[in-house]
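[1] heads up, no residue letters with this:
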């Protein structure tokens, strides 16, 4: 099969398509003929050797979320699963390929009324957004700032927060993303490439500051986002796209996270898919790339030249 193989850490150029042996499902596993593979920002950090969980062993095939048809099952797996169309995580590796192995317990049958493309777009970002939204406990009428609001997770958080009755301010880089963020329900858009954007956020609320910040960026942007909070406001810190976590001060109440098991994370993904079927959540798929252009996809993501979710098509 064809797969993207990474033999060293570095820039996007280390992602190269190779012919490799077809994988075989082991006990408790399924083999999926991949139609779509999701890309997350964290995967670009892992490729560069700066991921939040250290450096994984090499060589490796990147990719942790796929969708397609089950073409084989390992021992101990219901044979009836063969032929089913599913979305699944892959355990952190193997997704950028024509065939991918996944734990059968992680495979989620494609819900009726949802395209496979949308389901793959929601698999990782959807569960993240659902879990962070749940963690925030938004009250109707609150002012909520969503960083990276035109991105995969951010675009979903805008929708979930709006559905909870919040007044959402979406923040992203560049003036061209405002229309998209507004279409998702945001009350206002702020370009955080502009100096003093955090003051604009506070002014939008009438000078009081926002009640809640969803911070998936970290670094300078994260710190500026937290500066837009009212005193005693709260922050959900869930990512470090900048390369470093946001360090809050004493005036900010960080909403604590909880350790979740695989079953709870899978349930959050299913909840996101259910929201999409019901029309309550719309994934934004900004761009797709063929497998051979995985390096170009990573370049675009790192350059902040993408909107919504980026997918690979083997």
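    Here it is on my side, so go on. No experiment lies behind these values; they were computed from the predicted model shown.
[2] for the record, mean pLDDT for stretch 119-139?
    For stretch 119-139, the mean pLDDT works out to 97.
[3] buried ones in it, by neighbour count?
    Using 16 or more other C-beta atoms under 10 Å as the test for burial, stretch 119-139 gives 119-133, 135-136, 138. Glycine gets a C-beta too; all of them are placed from N, C-alpha and C.
[4] same question, stretch 212-227
    Buried positions in stretch 212-227, judged by neighbour count with 16+ other C-beta under 10 Å: 212-219, 221-227.
[5] how about stretch 99-117?
    Buried residues in stretch 99-117 (16+ other C-beta under 10 Å): 99-104, 106-108, 110, 114, 116-117.
[6] let's have the residues you listed in TSV, adding distance to residue 4.
    Formatted as TSV, these follow (distance: C-beta to C-beta, whole Å):
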residue	distance to residue 4
99	13
100	11
101	15
102	17
103	21
104	24
106	21
107	22
108	24
110	24
114	26
116	20
117	19
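[7] and which of the residues you listed is nearest residue 8?
    Of all the buried residues of stretch 99-117, residue 8 sits closest to residue 100, with 22.0 Å by C-beta to C-beta.
[8] now do the strands in the stretch 101-250 of the chain.
    Using DSSP state E, counting those that start in this stretch, the strands of the stretch 101-250 of the chain run over 108-109, 143-146, 167-172, 188-191, 210-215, 229-237.
[9] ranges for the helices of this structure?
    41-48, 116-136, 152-163, 178-183, 197-204, 219-227, 262-277, 294-302 (DSSP state H).
[10] what's the closest of the ones you listed to residue 11?
    helix 41-48 (7.2 Å).
[11] contacting residues around the closest one?
    6, 9-12, 14-15, 51-53, 55-56, 62-64, 151-152, 239, 241, 243, 298, 301-302 (C-beta atoms under 8 Å, 6 or more residues apart in numbering).
[12] ok so, going back, ok, which of the strands of the stretch 101-250 of the chain comes nearest residue 38?
    Evaluated over those, closeness to residue 38 peaks at strand 108-109, with 13.4 Å, by C-beta to C-beta.
[13] pairing partners for that closest one, with directions?
    strand 85-89 (antiparallel) (DSSP bridges).
[14] so for the partner strand, mean pLDDT?
    If you average the pLDDT over strand 85-89, you get 98.
[15] kindly report the same for stretch 2-21.
    pLDDT averaged over stretch 2-21 gives 97.
[16] quick one: end-to-end distance for it.
    Distance between the two ends of stretch 2-21: 9 Å, counting by C-alpha to C-alpha, to the nearest Å.
[17] which parts of it are buried?
    By neighbour count on 16+ other C-beta under 10 Å, the buried set for stretch 2-21 is 3, 4, 5, 6, 12, 14, 15, 17, 20.
[18] which two among those residues are spaced furthest apart?
    Using C-beta to C-beta, the two most remote members of those are 12 and 20, lying 19.6 Å apart.
[19] apart from its neighbours in sequence, what residue is nearest the residue positioned nearest the centre of the chain?
    Of all residues in the chain, the one closest to the mean position by C-alpha atoms, centre = their mean is residue 125, 3.1 Å from it. Once flanking residues are discounted, residue 125 sits nearest to residue 152: 3.9 Å by C-beta to C-beta, 6 or more residues apart in numbering.
[20] cool, residue 227 as well?
    Per C-beta to C-beta, 6+ apart, closest to residue 227 is residue 198, 4.7 Å.
[21] residues near the one you found, how many?
    Neighbour count for residue 198, taken as other C-beta atoms under 10 Å: 22.
[22] next up, the contacts around it.
    Neighbouring residues of residue 198 by C-beta under 8 Å, 6+ apart: 224, 225, 227, 228.
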